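Colleague: give me coordinates for this.
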Amino acid sequence: MIIQSARMMTSSGPGKTCAHVFRGAKNESIEVIQGSEFQVMQDYDEAGVRGDRYAVRHFKINPQHDLSREQFLETVSILAIEFGFDPDACTIVEHTKTKASGKASKHIHLYVSERTPDGKALDSRFMKVRQEKISRTCEALFGHDIVHGRHQQAVIHQLRDEGKHDIADAIEKATPDLSQSVESAFTLTQQRIAERHGISLLDLRQRLKDLRISCDTFSGMIKQMQNMGLHVKKGDRENTYIIMTDEDKFLGSANRLLGMKKQEFSQQYESSVQGLNTKYEPVEDASSSYVPETASGKPVQTVFDENRREGNFVPKIATYQEGRLPSGEKEKVEAPDVERPAHIHPDLVNGTSETSEVMSAEEKKAIQSANHDRTQASQTIRRMLADQEEFHRKLAELEKQFQVRWGHIKSEPFPDPDSRNAFLVRQKHEGILRPRREKYRTEKEKWLNGSATRKALQEFQSALKQLRYDRDDFKNLDILNNDDHFNYSLNHMSDLYVAGRERARKEWSSDLSVQSYLKAKKDFDELLDYIKKTENVELLKTALQNPVRALQQMRELKKSEQQEKDLIYKNTGRSLMFSYDER
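Modeller: Residues are numbered from 1 along each chain as shown. Model (predicted):
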């Protein structure tokens, strides 16, 4: 994912940027998700009235793979938290345009006023590093490949300072060589110059990458480039080569356009010029973000890698119940070649029998067989318990991942429905106030009891203040002595409490990031319940690595199960219905 931003100067006006974002001819479709062109123009006008140098901040969110609408909005919410703007007050426009790589076809443009509602300027410190931090974070959250950015090391340090160690670990694991410099294939200026000559550097770069993958030798690749009207030329700097057209128009750095390291390209090109063997194995497209799958549908590389510290994730418990051991395990004890009981009760697995000299050979063999069965049963039970423990540990890890992913969301206000029930709130308040009120009235009726009366009055007034009954609305009410006034205040305050809590919940749920969270929470709960119910270990592995993919697999499995049920009902349902009617 690449997040770019620009502070748009007020003096430049909204015409050019709005024409591109709202009416760009190169896009297949344009959809305004939130806000309008008028809102952007109004931000420019207000900035002009204030005399501000900058009017709006223009963000562009360009993912490596297609994101859902919820994921796009979640990214916007994370940006809003980072830079301090209201996600509900910005303009969001989605563009659909097929890329040369054939991957993500959608990206979004985001306009944010450079002035916050309280009049402060929008935070602009270390913009590029912070945008890169959000890009890497979203890649980790959405299960995409981690891109090696220019500021990877700074991003990792910042994430650790913020306590997001799991995301920092994922980024560090994906980019072990943090010292390696990262450069873009071409600059924006080079891209614009090429476009004026009728050349798309994006398409050219993809064609050159495809050419590199398909050619068996480096020399063959150079010849194919010549057939395309391109040739390689030595640059001004040492070990630097550039790609030119036949009309000697400069396109860009050869190693960057081909996606190769500078030293590697230099060595291969020199070998090609000298006529040496330049054969190499076809490379895979390193930019692919989805993990390849085997014929069985199992990912080739999963979160439970064989070299991982925790060890392999064992199969389902049902495997052992069917009497099979996991692949790769061998029985430690060879079974004697005698007939054995079909099953040994678990209560007997802890005890073993001993043979004596007076026993016959057949009796000794039978005891050895029984001891072997007890040992096998004990091992099976231990494995089953270990499997259950590992399964539940991974479930807890999955839940923790979800909580960390949505840790930036504010806690749900008043989640308990009872706290928003006026009758129950009144009951609670009455349970606090009425005993203190009755205590005061009882103490007051006693003779020579001024100290106890004052103490009881103080307790009642303290409870009123704690429950916020010391309002101007109740100044003319005698809550202490008049029962009607007391009941009125209870009813009024319980309604007031509930109204305030409902208003807080409404404000919370209207937040875009909260709406994304609630949708994700619903899907996650469905996935978690399904995994617990079916004990599907493979689905759990996928969920730990890519929750979106796991959700898709779960729905496919549910659909298949429903089709099987429908088929069974179709074959047996009518006969059951007729037999019931006859009865």
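
Colleague: could you use CA atoms for every contact and neighbour count after this?
Modeller: Noted.

Colleague: which residue ranges of the protein form strands?
Modeller: Taking DSSP state E to define them, one finds strands in the chain at 2-9, 29-34, 54-62, 91-96, 106-113, 230-234, 241-245, 250-253.

Colleague: listing partners with orientation, what would you give for the second one?
Modeller: Strand 29-34 pairs in its sheet with strand 91-96 (antiparallel), by DSSP bridges.

Colleague: deepest in the core, which of the strands of the chain is it.
Modeller: strand 106-113 (a mean of 23; mean count of other CA atoms under 10 Å).

Colleague: packing partners for that strand?
Modeller: Packed against strand 106-113 by the contact rule (3 or more CA pairs under 8 Å, 6 or more residues apart in numbering; DSSP states H and E) you find strand 54-62, strand 91-96.

Colleague: can you put the ones you listed in a markdown table and add mean pLDDT and distance to residue 259?
Modeller: Below are these laid out as a markdown table (pLDDT from 0 to 100; distance: least, CA to CA, whole Å):
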| stretch | mean pLDDT | distance to residue 259 |
| --- | --- | --- |
| strand 54-62 | 93 | 20 |
| strand 91-96 | 92 | 26 |
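
Colleague: and this protein, what are its domains?
Modeller: Listed by automatic domain parsing, the domain ranges of the chain are 2-124, 188-273, 417-510.

Colleague: any idea which of those gets closest to residue 403?
Modeller: With distances scored as CA to CA, the stretch of those nearest to residue 403 is domain 2-124 (14.6 Å).

Colleague: re the thing from before, and the domains of the chain as JSON lines, adding distance to residue 169?
Modeller: Listed next are the domains of the chain as JSON lines, based on distance: least, CA to CA, whole Å:
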{"stretch": "domain 2-124", "distance to residue 169": "20"}
{"stretch": "domain 188-273", "distance to residue 169": "26"}
{"stretch": "domain 417-510", "distance to residue 169": "32"}
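
Colleague: by mean pLDDT, show me the worst of those domains.
Modeller: Ranked by mean pLDDT, these bottom out at domain 188-273, with a mean of 75.

Colleague: so how far is that domain from its chain's centroid?
Modeller: 37 Å (CA atoms, centre = their mean, to the nearest Å).

Colleague: list the contacts for the residue most central in space within the chain?
Modeller: Nearest to the geometric centre of the chain sits residue 141, at 3.1 Å (CA atoms, centre = their mean). Taking CA atoms under 8 Å, 6 or more residues apart in numbering as the contact definition, residue 141 lies against residue 405.

Colleague: per-residue pLDDT, it?
Modeller: As predicted, residue 141 sits at a pLDDT of 86.

Colleague: roughly how far does it sit from residue 461?
Modeller: Distance from residue 141 to residue 461, counting by CA to CA, to the nearest Å: 52 Å.

Colleague: kindly report the same for residue 175.
Modeller: Relative to residue 461, and taking CA to CA, residue 175 is found at 63 Å.

Colleague: run through the bridge partners of the closest residue in space to residue 131 that isn't next to it in sequence.
Modeller: Distances taken as CA to CA, 6 or more residues apart in numbering place residue 3 nearest to residue 131, at 5.9 Å, with adjacent residues excluded. Counting by DSSP bridges, residue 3 forms beta bridges with residue 61.

Colleague: with residue 108 instead?
Modeller: residue 61, residue 94.

Colleague: what sits against it?
Modeller: Per CA under 8 Å, 6+ apart, neighbours of residue 108: 60, 61, 62, 72, 92, 93, 94, 95.

Colleague: just those residues now: which is nearest residue 45?
Modeller: Nearest member of these to residue 45, counting by CA to CA, is residue 92, at 19.1 Å.

Colleague: that closest one and residue 58, how far apart?
Modeller: For residue 92, the distance to residue 58 - CA to CA - is 10 Å.

Colleague: now for those two: what residues contact both?
Modeller: Common neighbours of residue 92 and residue 58 (CA under 8 Å, 6+ apart) are 109, 110, 111.

Colleague: could the residues you listed be laid out in JSON lines, adding distance to residue 14?
Modeller: What follows is the shared contacts of residue 92 and residue 58, written out as JSON lines (distance: CA to CA, whole Å):
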{"residue": "109", "distance to residue 14": "14"}
{"residue": "110", "distance to residue 14": "14"}
{"residue": "111", "distance to residue 14": "11"}
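
Colleague: what's the closest of these to residue 10?
Modeller: Among these, and counting by CA to CA, the member closest to residue 10 is residue 111, at 13.5 Å.

Colleague: where's the closest one relative to residue 20, distance?
Modeller: 13 Å.

Colleague: other SSEs contacting the longest helix along the chain?
Modeller: Ordering each helix of the chain by length in residues (DSSP state H) puts helix 361-405 first. Counting contacts by 3+ CA pairs under 8 Å, 6+ apart, helix 361-405 is packed against helix 317-321, helix 537-545.

Colleague: mean pLDDT lowest for which of those?
Modeller: Least confidently modelled of these is helix 317-321, at a mean of 32 by mean pLDDT.

Colleague: could you check how far residue 507 is from residue 415?
Modeller: 14 Å.

Colleague: tell me the gap between stretch 108-122 and the middle of its chain.
Modeller: On CA atoms, centre = their mean, the centre of stretch 108-122 falls 26 Å from the chain's centre.

Colleague: got it, and stretch 397-409?
Modeller: With CA atoms, centre = their mean as the basis, stretch 397-409 stands 8 Å off its chain's centre.

Colleague: what comes up buried for it?
Modeller: 398, 401, 402, 405, 406, 409 (16 or more other CA atoms under 10 Å).

Colleague: then stretch 155-169?
Modeller: Quick answer for stretch 155-169 (16+ other CA under 10 Å): 155, 156, 158, 159, 164, 165, 167, 168.

Colleague: what's in contact with that stretch?
Modeller: The set of residues external to stretch 155-169 that reach it, using CA under 8 Å, 6+ apart, is 129, 130, 132, 133, 137, 140, 171, 172, 404.

Colleague: one more pass at 7 Å, please.
Modeller: With contacts defined as CA atoms under 7 Å, 6 or more residues apart in numbering, stretch 155-169 is touched by 129, 133, 137, 140.

Colleague: dump these into JSON lines; add neighbour count and distance to residue 478 as well.
Modeller: Converted to JSON lines, these look like this (neighbours: other CA atoms under 10 Å; distance: CA to CA, whole Å):
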{"residue": "129", "neighbour count": "17", "distance to residue 478": "62"}
{"residue": "133", "neighbour count": "23", "distance to residue 478": "60"}
{"residue": "137", "neighbour count": "24", "distance to residue 478": "59"}
{"residue": "140", "neighbour count": "21", "distance to residue 478": "61"}
